[in-house]
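In: give the three-dimensional model of this entry:
(one chain, ligands or ions: 1)
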Amino acid sequence: MLEARGLTKRYGAALALDGLNLAVAAGETLCLLGANGAGKTTTLNLFLGFTAPTAGAALVDGLVVAEDPAAARARLGYVAEVVSLYPSLSGAENLAFFAGLAGVAVDPARRDAILARLRFPADAILRPAGTYSKGMRQKLGLAIALMKEARVILLDEPLSGLDPAAANDLVGVLRETAAGGVALLISTHDIFRAKEVASRIGIMRHGRLVAMIDPASLSAGELEHMYLTHMAERAA
Ligand SMILES: Nc1ncnc2c1ncn2[C@@H]1O[C@H](COP(=O)(O)OP(=O)(O)OP(=O)(O)O)[C@@H](O)[C@H]1O
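Out: Model (predicted):
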């Protein structure tokens, strides 16, 4: 569903992404770990068509994103690190608006089932979104992607700043979503949550994928050790 082929991005003299190759199939969850500036967000932005590659290609469902960014984006759900909502509109109105942009009419029963899976407080959906906590905004962002029935969902730091209960809710729904055949690409700094949710973990450094790990093969401690070893090599 997602493929990067020699994906490269330069910003002036800076090489943000350096010949990245990866693929995410339906039902898989790839978590990208890496220090600040490793190229995780740049990777997501190239799949979203927010920026064009300097070389190589990002493909969504076989479509080359740079050739038709709108068509590629129509197949994607995207949950930004800070989910943008209209603060004076209720959660329900935001959901209807953003789902509507994707051509999806909201069926209230389906919406409520998705919100219940996310443990989004039922009474809060009619409140202005400006009153929502970070966790509620993340959940609503994911609800919008799920309403769209996107076959691929990209998430940038979905768990940062969430309390453990909210993070746990989100991890549970992400696992269910992948089990339903959706391909997930997640940028995160949370090694332990990555282990819970990922089918593969990619470690990025200086715009390159330096390791691809099967999280089931390592304990959380071993995974952390491997990550820190890669980061230490950077400093050496
Ligand atoms: N619009 C831009 N203009 C110039 N340089 C940029 C731009 N966007 C990203 N970069 C640079 O590209 C590199 C990769 O950045 P990127 O945001 O992809 O890293 P990241 O792994 O997502 O980091 P973080 O964990 O901090 O979100 C960094 O050196 C960054 O400064």
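
In: now do the contacts for the residue nearest the centre of the chain.
Out: Closest residue to the average C-alpha location of the chain: residue 155 at 1.4 Å, with CA atoms, centre = their mean. Residues in contact with residue 155 (CB atoms under 8 Å, 6 or more residues apart in numbering) are 78, 79, 142, 174, 184, 185, 186, 187. Where you see a C-beta, it was placed from the backbone N, CA and C, and this is true even at glycine.

In: quick one: buried residues of the worst-scoring helix or strand of the chain on mean pLDDT?
Out: When the helices and strands of the chain are compared on mean pLDDT, DSSP states H and E, helix 220-235 comes out lowest with a mean of 82. Going by neighbour count (16 or more other CB atoms under 10 Å), the buried part of helix 220-235 is 223, 226, 227, 230, 231.

In: quick check: the second one vs residue 75, distance?
Out: Residue 226 sits 33 Å away from residue 75 when distances are taken as CB to CB, to the nearest Å.

In: next, the residue nearest to the centre of the chain: secondary structure please.
Out: The local conformation at residue 155, judged by DSSP: H, G, I helix; E, B strand; the rest coil, is strand.

In: gap between it and the ligand?
Out: 13 Å (CB to the nearest ligand atom, to the nearest Å).

In: give me the beta-bridge partners of that residue?
Out: Beta-bridge partners of residue 155, counted by DSSP bridges, are residue 79, residue 186.

In: list the contacts of residue 51.
Out: 9, 42, 45 are the contacts of residue 51 under CB under 8 Å, 6+ apart.

In: please repeat the previous calculation with a cut-off of 6 Å.
Out: For residue 51, the contacting residues are residue 45, by CB atoms under 6 Å, 6 or more residues apart in numbering.

In: figure out the helix or strand that it lives in.
Out: Using DSSP states H and E, residue 51 maps to neither a helix nor a strand.

In: if we can go back for a sec, what subset of the contacts of residue 155 is buried?
Out: 78, 79, 142, 174, 184, 185, 186, 187.

In: state the number of residues packed around residue 154.
Out: Residues lying near residue 154 (other CB atoms under 10 Å) number 25.

In: ok, it touching residue 80?
Out: No - counting by CB atoms under 6 Å, residue 154 stays clear of residue 80, with 9.1 Å between them.

In: can you pull out the strands in the protein?
Out: For the chain, the strands defined by DSSP state E cover 2-11, 14-24, 29-34, 55-60, 63-64, 76-79, 152-156, 183-187, 200-205, 208-213.

In: before we move on, back to that, extract the C-alpha trace of the least confident helix or strand of the chain and format it as CSV.
Out: Presented in CSV, the C-alpha positions along helix 220-235 are these (Å, rounded to 0.1, in the frame of the first residue of the first chain):
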residue,chain,number,x,y,z
ALA,A,220,11.5,-4.1,25.1
GLY,A,221,14.9,-3.8,26.8
GLU,A,222,16.7,-5.3,23.9
LEU,A,223,14.9,-3.0,21.5
GLU,A,224,15.9,0.1,23.6
HIS,A,225,19.5,-1.1,23.7
MET,A,226,19.5,-1.6,19.9
TYR,A,227,18.0,1.9,19.4
LEU,A,228,20.5,3.5,21.8
THR,A,229,23.4,1.7,20.1
HIS,A,230,22.4,3.2,16.7
MET,A,231,22.1,6.6,18.2
ALA,A,232,25.5,6.3,19.9
GLU,A,233,27.0,5.4,16.6
ARG,A,234,25.7,8.7,15.3
ALA,A,235,27.5,10.6,18.1
